[in-house]
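>>> following is a predicted model, sequence given first.
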Amino acid sequence: MALYAMGDFHLSFQAEKPMDVFGETWKNHSKKIEKNCKKVLHEDDTLVIAGDHSWGRNLKESEKDLAFIEALPGKKVLLRGNHDMFWEAKKTGWLNELYRDRLFFLQNNYYPYGEYALTGTKGYCYEWKESEEHFFKIRDREAERLRVSLNAAVADGYKKLIIFLHYPPTTIGEMESPFTRMAQEYGVSKVIYAHSHGKDRFGDSFQGMVDGIEYKLVSADFLKFRPERIL
Ligand SMILES: [Fe+2]
Ligand SMILES: [Fe+2]
């Protein structure tokens with residue numbers, strides 16, 4: 001039994017969105033994901049997929065992408081990415097009902113993994129695309145969702161916690177954020193995140209040990225489309 005993570009599958013089995021326009025590494029990327037997942041993962045393993053699953057604009061347009069994920073080996077836990085239009089924030093419970101025992105959608109809840117609780121939310125960082133006011137509003141809402149997730153795990157007696165985010169935990173240049181402070185406050189051992197694509201963005205946030213917490217980037221192109229072992 002092992003825990004793996006990878007983010008940013010960016011699948012488009014239905015939506016018109018060929019990913020090779022984003023560079024050579026994205027050519028036939030779904031084939032690479034499938035091959036590497038089948039090589040690395042066993043049925044008793046768990047894979048956390050850290051957001052940006054599908055280019056579909058709604059659930060109907062994302063069904064084949066989710067079916068692809070469902071067919072990968074092991075248990076699959078999904079985070080909400082900025083591109084996941086199929087996943088309305090308020091419908092997480094409904095998605096969990098719909099995909100019960102097939103996929104788990106992580107938001108305002110947690111996923112038990114042995115003595116660990118896998119907690120998380122989409123997260124947020126500033127990318128100079130919006131007003132600061134709007135940024136703070138989204139970021140604070142995401143921080144609140146993370147707290148709900150952590151509190152649910154703690155209330156059930158979990159002491160070993162891991163945080164998964166889609167966005168990097170800090171904005172470029174920041175040394176801390178509500179997400180890193182919460183990781184400290186709850187004594188989590190690892191913060192795993194994705195979203196950063198291309199060599200120029202891989203260093204946007206923390207990697208390695210910072211104040212006793214291990215930070216790991218698991219975007220698919222950073223990992224060369226091979227799941228990263230977390231535990
Ligand atoms: Fe992405
Ligand atoms: Fe993203």
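Structure's in. What do you need? Small disclaimer: the values here were computed from a predicted structure and weren't measured. Ligands and ions are numbered 1, 2, ... in the order given.
>>> which strand or helix spans residue 152?
helix 132-155 (DSSP states H and E).
>>> can you tell me the centre-most residue of the chain?
The residue lying closest to the centre of the chain (C-alpha atoms, centre = their mean) is residue 50, at 1.6 Å.
>>> excluding chain neighbours, what is closest to residue 13?
Spatial nearest neighbour of residue 13, excluding adjacent residues (C-beta to C-beta, 6 or more residues apart in numbering): residue 64 at 3.8 Å. Heads up, the C-betas are built off the backbone N, CA and C, glycines and all.
>>> what's around that neighbour, how many residues?
Residue 64: 16 surrounding residues under other C-beta atoms under 10 Å.
>>> three-state assignment of it?
helix (DSSP: H, G, I helix; E, B strand; the rest coil).
>>> was I right to think it contacts residue 12?
No - taking contacts as C-beta atoms under 8 Å, residue 64 lies outside contact range of residue 12: 9.2 Å.
>>> one step back: confidence score at the residue nearest to residue 13?
With respect to pLDDT, residue 64 scores 98.
>>> how close does it sit to residue 221?
Counting by C-beta to C-beta, to the nearest Å, the gap between residue 64 and residue 221 amounts to 22 Å.
>>> again, but for residue 200
The gap separating residue 200 from residue 221 is 12 Å, by C-beta to C-beta.
>>> more crowded one of the two?
Legend: neighbour count by other C-beta under 10 Å for residue 200 and residue 221, higher for residue 221 (22 against 8).
>>> state the distance from the more buried one to residue 75.
Relative to residue 75, residue 221 is positioned 24 Å away (C-beta to C-beta).
>>> point me to the residue of this structure nearest ligand 2.
Closest residue of the chain to ligand 2, C-beta to the ion: residue 195 (3.8 Å).
>>> is that residue in a helix, a strand, or coil?
coil.
>>> tell me which parts of the protein are close to ligand 2?
Within the chain, the residues that sit near ligand 2 (C-beta under 5 Å from the ion) are 52, 81, 82, 195.
>>> ligand 1 contacts on the chain?
Near ligand 1, when you scan the chain using C-beta under 5 Å from the ion, you find 8, 52.
>>> quick revisit: buried residues, the helix holding residue 152. List them.
135, 138, 139, 142, 143, 145, 146, 147, 149, 150, 153, 154 (16 or more other C-beta atoms under 10 Å).
>>> can you check stretch 177-189 too?
177, 178, 179, 180, 182, 183, 186, 188.
>>> could you export that stretch as PDB, CA atoms only?
C-alpha atoms of stretch 177-189 as PDB (Å, rounded to 0.1, in the frame of the first residue of the first chain):
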ATOM      1  CA  SER A 177       0.600  32.500   3.200                       C
ATOM      2  CA  PRO A 178      -2.600  31.500   5.000                       C
ATOM      3  CA  PHE A 179      -2.000  27.900   3.600                       C
ATOM      4  CA  THR A 180       1.600  27.600   5.000                       C
ATOM      5  CA  ARG A 181       0.600  29.100   8.300                       C
ATOM      6  CA  MET A 182      -2.300  26.600   8.600                       C
ATOM      7  CA  ALA A 183       0.100  23.800   7.700                       C
ATOM      8  CA  GLN A 184       2.200  24.900  10.700                       C
ATOM      9  CA  GLU A 185      -0.800  25.400  13.000                       C
ATOM     10  CA  TYR A 186      -2.100  21.900  12.400                       C
ATOM     11  CA  GLY A 187       1.300  20.300  12.400                       C
ATOM     12  CA  VAL A 188       1.000  18.700   9.000                       C
ATOM     13  CA  SER A 189       4.000  16.800   7.600                       C
END
